[in-house]
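Participant: coordinates only, sequence not included:
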């Protein structure tokens, strides 16, 4: 009898670690299993990203948010990312306190006011509203960026993280594809330089308002149901802010994180330059075409790398080395290509206007699209690296918030430089140097990539050194629970 009781206690403990409870293990319909599945939730997060930063990207990839001059919008974007420098870490801590879904909902509330401010500025010339919109966008983006990445990386198993990251970021690019298609259709006859028509913004604002209802559909972690019947682990929310700050500080001191800081700050530094490049040298319709084609290139990057990172042909350490070597070589080559273009166009007299009907358009256009492809590829690479190191959703939430924090540092500085009206060539050279500075530290990180990630739930509290996760592929405690009590009904 005692042995039977011990067995029941063992099974109960295993189910608790697996996120199981009496309420959680009640039978669920096929529709509920689909609705609560990691895949459906990642798709939801991707669609939210499509309506929020996806539309934001569609506007900014036309150059200066579609405006004629880049300086006000670059100043607003610098304010946005300046807020995010602190906001991403704060919301990462808050997410572990109140729940990642609630923070995700907050993240859908501030993008539409920013797009509305661009509309008002475009039509009526109001400037203060653009800065106000930049502030609301910074707060919302801090919450969204801290939560969406944690869901995309943390809800699924390790073996699916490349695919899920590709789905999340690929759907985000859908926002740019749809938004830029709308822009192109409304501005296709404008072959001169200038700003896009104000009616463009009305459609995009409407799309951004869809983010909130989509966020309400996302399942909290403990209600997620995996394909084998496992439930998501219950996330403890009784932690204190002081404890979360301590965990964050311990995480940032780990060499896997602090050696990523240079690439987080510097890898996307050229984004501001590309906006200035489009504004200075391309016609309005060429700018909207550039937004569309670069969105297609970024979507291809998400799909390709999402597939490539989940290949079983290479080990994860080998895959990391191959990809990083490819990125270093191609990024340095593309910078050299862009410097030659900038020299050509910057020295032209009269001032050049690149339009698809003009000779030489393909050279200037192709270099921009290739840089956009590489930027998105780096984006995928960084998130895959983080997912390769850490497994549990609490650590991933904090890690993603730190990724976003330092990324925001780089974006804030780069947009600040863009707002200072420095010459495009100087801006490009700074971007080139910034990427070069990331190479040594990132190379060191690449050589640390393990075959399997580590669960740091105990390690961040200082009570354990962390062990290789057995949760990732349905083994370990989940498998033991299944062996002793049968599959969880779900």
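Facilitator: Done, it's in. Bear in mind the structure is a predicted one, so any value in this text is a computation, not a measurement.
Participant: Please compute how far the longest helix along the chain lies from its chain's middle.
Facilitator: Among the segments of the chain that qualify as a helix by DSSP state H, the longest is helix 316-346. Per CA atoms, centre = their mean, to the nearest Å, the displacement of helix 316-346 from the mean C-alpha position of its chain is 21 Å.
Participant: Now do the same contact list for residue 342.
Facilitator: If a contact means CB atoms under 8 Å, 6 or more residues apart in numbering, then residue 342 has 277, 424-425, 428 as its contacts. Bear in mind the C-beta positions are built from the backbone N, C-alpha and C, glycine included.
Participant: Please indicate which of those residues are buried?
Facilitator: With neighbours counted using 16 or more other CB atoms under 10 Å, the contacts of residue 342 contain these buried positions: 277, 424, 428.
Participant: how much does the strand or helix carrying the last one deviate in direction from helix 316-346?
Facilitator: For residue 428, the enclosing helix or strand under DSSP states H and E is helix 424-446. Our comparison of helix 424-446 with helix 316-346, counting by axes from the mean of the first three to the mean of the last three CA atoms, to 10 degrees, yields an angle of 170 degrees.
Participant: For helix 424-446, which outside residues touch it?
Facilitator: Counting contacts by CB under 8 Å, 6+ apart, the residues outside helix 424-446 that touch it are 255-256, 259-263, 265-267, 269-270, 272-273, 276-277, 280, 320-321, 324, 328, 331-332, 335, 338-339, 342-343, 346, 385, 410, 414, 417-418.
Participant: Type out the PyMOL command that picks the buried ones from these.
Facilitator: The PyMOL selection below is limited to those of the contacts of helix 424-446 classed as buried (16+ other CB under 10 Å):
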select buried, resi 256+259+260+261+262+263+265+266+267+269+270+272+273+276+277+280+320+321+324+328+331+335+338+342+346+385+410+414+417+418
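Participant: just to revisit the earlier point, just the buried residues of the helix holding residue 428, please?
Facilitator: 424, 427-432, 434-435, 438-439, 441-442, 445-446.
Participant: Residue 84: which of those residues is nearest?
Facilitator: Proximity of the buried residues of helix 424-446 to residue 84 was ranked by CB to CB; the top entry is residue 434 with 18.2 Å.
Participant: any idea how far residue 133 is from the closest one?
Facilitator: As defined by CB to CB, to the nearest Å, residue 434 lies at a distance of 27 Å from residue 133.
Participant: Residue 29 too?
Facilitator: 43 Å.
Participant: now residue 377
Facilitator: According to CB to CB, residue 377 and residue 133 sit 30 Å apart.
Participant: what about the two, which has more around it?
Facilitator: Counting neighbours by other CB atoms under 10 Å for residue 377 and for residue 133 shows that residue 133 has the greater number, 26 against 23.
Participant: And that one, how close does it get to residue 205?
Facilitator: 11 Å.
Participant: what residues are shared contacts of these two?
Facilitator: The contact lists of residue 133 and residue 205 share 115-116, where a contact means CB under 8 Å, 6+ apart.
Participant: In CSV: the contacts of residue 342, plus distance to residue 43 and pLDDT.
Facilitator: Formatted as CSV, these follow (distance: CB to CB, whole Å; pLDDT from 0 to 100):
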residue, distance to residue 43, pLDDT
277, 34, 87
424, 39, 85
425, 42, 89
428, 37, 90
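Participant: which SS class is residue 109?
Facilitator: Classification of residue 109 using DSSP: H, G, I helix; E, B strand; the rest coil returns coil.
Participant: my guess is residue 452 contacts residue 159, does it?
Facilitator: No. Under the contact definition of CB atoms under 8 Å, residue 452 does not touch residue 159, with a separation of 10.1 Å.
Participant: Show me which of these two is the more surrounded one.
Facilitator: Neighbours were tallied for residue 452 and for residue 159 using other CB under 10 Å; the higher tally belongs to residue 452 (15 against 12).
Participant: in stretch 276-286, what counts as buried?
Facilitator: Here stretch 276-286 shows 276-286 as buried, counting by 16+ other CB under 10 Å.
Participant: which residues does the residue found closest to residue 226 once you drop the neighbours it is linked to in the chain contact?
Facilitator: Across the structure, with CB to CB, 6 or more residues apart in numbering as the measure, the residue nearest residue 226 apart from its sequence neighbours is residue 38 (6.5 Å). Residues near residue 38 by CB under 8 Å, 6+ apart: 155-157, 160, 164, 224, 226.
Participant: list the contacts for residue 447?
Facilitator: By CB under 8 Å, 6+ apart, the contact set of residue 447 is 317, 321.
Participant: ok, now with 10 Å
Facilitator: Taking CB atoms under 10 Å, 6 or more residues apart in numbering as the contact definition, residue 447 lies against 317, 320-321, 324.
Participant: Would you mind measuring from residue 129 to residue 400?
Facilitator: 31 Å.
Participant: between these two, which one's more packed in?
Facilitator: In this comparison of residue 129 against residue 400, neighbours counted by other CB under 10 Å, the higher total goes to residue 400 at 28 against 18.
Participant: Spell out which helix or strand contains that one, please.
Facilitator: Assigned by DSSP H and E, residue 400 belongs to helix 393-419.
Participant: what angle do that helix and helix 424-446 make?
Facilitator: With the same axes, to 10 degrees as the criterion, the two stretches helix 393-419 and helix 424-446 enclose an angle of 160 degrees.
Participant: so how far is helix 393-419 off the chain centroid?
Facilitator: Relative to the chain's own centre, helix 393-419 is displaced by 10 Å; criterion: CA atoms, centre = their mean.
Participant: go on, stretch 162-175?
Facilitator: How far stretch 162-175 lies from its chain's middle: 9 Å, per CA atoms, centre = their mean.
Participant: Ok, stretch 371-386 next?
Facilitator: Averaging C-alpha coordinates over stretch 371-386 and over its chain gives two centres that are 9 Å apart (CA atoms, centre = their mean).
Participant: now, among the contacts of residue 342, which is nearest to residue 368?
Facilitator: The shortest gap between residue 368 and any of the contacts of residue 342 belongs to residue 277, at 6.5 Å (CB to CB).
Participant: mind listing what the closest one touches?
Facilitator: Applying CB under 10 Å, 6+ apart to residue 277 gives the contacts 63, 70, 270, 290, 338, 341-342, 345-346, 354, 364, 367-368, 371, 424, 427-428.
Participant: same thing with residue 387?
Facilitator: Under the contact definition (CB under 10 Å, 6+ apart), the residues listed for residue 387 are 149, 152-154, 156, 158, 161-162, 164-165, 309, 396, 399-400, 453.
Participant: Please point out which parts of the helix or strand that contains it sit buried.
Facilitator: If you go by DSSP H and E, residue 387 is part of helix 361-389. The neighbour-count criterion (16+ other CB under 10 Å) identifies 361, 364-365, 367-389 as the buried residues of helix 361-389.
Participant: cool, and stretch 294-303?
Facilitator: By 16+ other CB under 10 Å, the buried positions in stretch 294-303 come out as 294-299, 301-303.
Participant: of the residues you listed, closest to residue 109?
Facilitator: residue 295 (24.5 Å).
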